[in-house]
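>>> Have a look; sequence and predicted model below, questions after that.
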2 protein chains.
Amino acid sequence: MNITAVIMAGGKGERFWPKSRTNLPKQFLNISGNKSMLQQTITRLERLIDIARIFIVTNELYAELIHAQIPHLPLDNIIIEPIGRNTAPCVGLASILIEERFPDSTMVVLPSDHIIKNDSEFIQILKTAVQVSTQGDNLVTLGISPNYPETGYGYIESTGEVQEINSMEVHRVSRFVEKPDLATAKRYLDSGNFYWNSGIFVWRTSVIRQYIQQLMPEMHDVLETMKAALNFQEQHEVIANEFPKMPDQSIDYGIMEKVDQIYVIPCVFGWDDVGSWTALDRIDEHDENGNVIRGNILNMDTKRCIIESNNGKLIATLGIEDLIVVDTDDVTLICTKDKAQEIKKLLKELRVQKLDQYL
Amino acid sequence: MNITAVIMAGGKGERFWPKSRTNLPKQFLNISGNKSMLQQTITRLERLIDIARIFIVTNELYAELIHAQIPHLPLDNIIIEPIGRNTAPCVGLASILIEERFPDSTMVVLPSDHIIKNDSEFIQILKTAVQVSTQGDNLVTLGISPNYPETGYGYIESTGEVQEINSMEVHRVSRFVEKPDLATAKRYLDSGNFYWNSGIFVWRTSVIRQYIQQLMPEMHDVLETMKAALNFQEQHEVIANEFPKMPDQSIDYGIMEKVDQIYVIPCVFGWDDVGSWTALDRIDEHDENGNVIRGNILNMDTKRCIIESNNGKLIATLGIEDLIVVDTDDVTLICTKDKAQEIKKLLKELRVQKLDQYL
């Protein structure tokens, strides 16, 4: 199969502060297991795709880190975005570069910072997705079968039209919907027709380029200008000049929500977007009091806490409940679980106070 | 005036862990201000008593620390208890040593780890107490006028019989009572006849020795044996052998509760026994959210917390309430305020786990 992969690894991943830092975002951390999430993503993909055909889109800041973490990845496969944009420009840029190197390939587009527990299952689904992508002008996405009414994810609704390929259900997509409120999320869960949007997409480069031409014509023009400069001396300069002209839009909003020929494959391979520290409650083992404990910890009368010591220091807790405690060399964070999504507020304040050394 | 002082500085002060350690108990810490509580106690006393007449009773472990913190204190004035005992043996040993060096003096006995805010007021009261101690066989104690129904202190009840000396009320004591429950403490507060037992006592050495002879005759015999050995080569050996024979009793229980001729001087000089981390709520300034903050702290949505960073590290808090957070070089403690009295449980567990380096 003529497959390539594009891993999006330009995110700042601030919600894992203080373990994540400006120069070390979430995707480069060992959140679960002893490899970084990017390394785990690469290892997973390599079961199907040769490293020479795996690309990572990121920004200048993280190029060295990627090289250090994935030394066997060809340097040419690190695609640098001149500035941070949403996923549509990222996919667009990757598509013209891959078209050039691996014509007519099927691209797997995926985030660098999600957890997938069952790699074999993931690979089987990917194979089916690639097969579906080779028919007509199909776009394929992986949908996570929800097991609770999460309000933090977008959802994908299926029409109910199902075909079976390789003993797998492939559903025709009815629509993409934004993050719902709790009542709506409960309705989605009950209906059985909704899936979490994993942000993992599979399509032929030629097909996604064709949809971009049709639905995002201005972005298409920019991409054509860049494409014309590929393999010329001015390539980097042209990309640097043209890239910022593309809209700050997601591929979901720009393309997926507007296309008819979309299929979703329901997945149960143990997925998590690891959106904040509370994700550890879903990913990790708990002690008998519901705590997730990592490192040198002494806890008494402590319940439902997430406690991590990253530097050998002893964290001693007494009487606390529902807290996140993270100790690093220069920062100790203590935060209630219900504020885990607001850690960015602290970073904003650090910027205001010009305490950039802690960012 | 022929005055001497005995500062009791042998306590372990574990409730300020992890700032207090086995080799650095509470009295040697800067809990409030930039001097240790022992140093503050010495400075306060020196307004009335020459350093040559101030004695510190402690154990072997802390002798060097005392010398380092109070370099101008004569080494002979550090009295080493062979083993840790309660206050009666401590007072007994000090009384025979002081009798020898400063005959007929009035001894001020006081803890090393309490805070007194108004030093001048304290000195004025001490002068009056000394004056009262020179009459008859009087024992004198300083009683703190309570401003809330504390259940963690012992109380002293006055008979209502009052005399005025140096424009100060001196009350005849009716009885010493142990720590009350809340209802009783409220009753004490309302009655106006009760004072907190400060543990500060003033008496002539000859008078306390006489009461010991009368009320603790076995301890008196031990003291006589020690006294006979003073200034002989075997002095240290005799004290080491005899000291453990004295009962593990407080001077309150052994003497004060049984003597008739006791006077209490009510004090309002800003006293605190600094019994645990929550004492900082009484001693220190609060921010607009009721937090006591020391060191490099960034707090948001944080209420009524006590947060101390002792090593320059940033402590960032978000959403937390009513917690104690203390960061030292090798330990971070996070404890609810209502468990502040139970910090010893953590130390006990560290001992069980043989993690003595953190004690």
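Good, I have the coordinates.
>>> Looks like A:P247 contacts A:L215 (just checking).
No. Shown here, A:P247 and A:L215 do not form a contact pair, counting by CB atoms under 8 Å, at 11.5 Å. From N, CA and C alone the C-beta is placed, and that goes for glycine too.
>>> In contact with the residue of the stretch 51-200 of chain A found nearest chain B: list those residues for me.
Relative to chain B, the nearest point of the stretch 51-200 of chain A is A:G152 (17.9 Å; CB to the nearest CB). Residues in contact with A:G152 (CB atoms under 8 Å, 6 or more residues apart in numbering or on different chains) are A:179, A:275.
>>> so how far is A:P111 from it?
The gap separating A:G152 from A:P111 is 15 Å, by CB to CB, to the nearest Å.
>>> again with A:Q69
From A:Q69 to A:P111 the distance is 16 Å (CB to CB).
>>> cool, A:T336 as well?
Taking CB to CB, one finds A:T336 at 27 Å from A:P111.
>>> Using the three-state scheme, assign the residue of the stretch 51-200 of chain A closest to chain B.
Here A:G152 takes the coil state, with states given by DSSP: H, G, I helix; E, B strand; the rest coil.
>>> Which parts of the stretch 151-300 of chain A are strands?
A:155-165, A:168-177, A:194-204, A:262-267, A:271-272, A:292-294, A:297-300 (DSSP state E, counting those that start in this stretch).
>>> low-confidence ranges in the stretch 251-359 of chain A?
Within the stretch 251-359 of chain A, no range satisfies pLDDT under 70.
>>> how about the residues of it near chain B?
Proximity of the stretch 251-359 of chain A to chain B is confined to A:298, A:300-301, A:309, A:313-320, A:323, A:325, A:327, A:330-336, A:338-339, A:342-343, A:345-346, A:349-350, A:353, A:355, A:358 under the rule CB under 8 Å from any CB of the partner chain.
>>> Just the ones of those residues in helices?
Cross-referencing those against helices under DSSP state H gives A:343, A:345-346, A:349-350.
>>> Buried among those? Need that as a selection in ChimeraX.
The ChimeraX command for the buried members of those (criterion: 16 or more other CB atoms under 10 Å in any protein chain shown) is given here:
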select /A:343,346,350
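>>> Please list all residues in contact with the closest residue to chain B within the stretch 151-300 of chain A.
With CB to the nearest CB, the shortest gap between the stretch 151-300 of chain A and chain B falls at A:M300, namely 5.9 Å. A:M300 makes contacts with A:317-319, B:345-346, B:349, as judged by CB under 8 Å, 6+ apart.
>>> Reformat the residues you listed as TSV; add distance to A:S133.
Conversion of those to TSV gives the following (distance: CB to CB, whole Å):
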residue	distance to A:S133
A:T317	50
A:L318	55
A:G319	55
B:K345	60
B:L346	58
B:E349	58
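>>> which parts of the stretch 1-150 of chain A sit against chain B?
Counting by CB under 8 Å from any CB, the stretch 1-150 of chain A sits next to chain B at A:P18.
>>> where exactly do the strands run in the stretch 1-150 of chain A?
So, for the stretch 1-150 of chain A - with DSSP E, counting those that start in this stretch - the strands run A:3-8, A:54-59, A:78-81, A:106-111, A:115-116, A:139-144.
>>> Can I get those in TSV including mean neighbour count?
Formatted as TSV, the strands of the stretch 1-150 of chain A follow (neighbours: other CB atoms under 10 Å in any protein chain shown):
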stretch	mean neighbour count
strand A:3-8	25
strand A:54-59	23
strand A:78-81	20
strand A:106-111	24
strand A:115-116	20
strand A:139-144	25
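>>> closest one to B:H171 among those strands?
strand A:115-116 (70.9 Å; CB to CB).
>>> Quick check: neighbours of the closest one in the sheet, parallel or antiparallel?
Using DSSP bridges, the strands paired with strand A:115-116 in its sheet are strand A:271-272 (antiparallel).
>>> Now do the domain split for chain A, please.
A:3-272, A:279-358 (automatic domain parsing).
>>> Okay, now the last one: how far is its last residue from its first?
Spelled out, it's domain A:279-358. 23 Å (CA to CA, to the nearest Å).
>>> A:Q341 reaches A:S276, doesn't it?
Yes. If you go by CB under 8 Å, A:Q341 and A:S276 touch, sitting 5.7 Å apart.
>>> Which neighbours do the two have in common?
A:R15.
>>> more neighbours, those two?
Comparing A:Q341 with A:S276 by other CB atoms under 10 Å in any protein chain shown, the one with more neighbours is A:S276, at 20 against 14.
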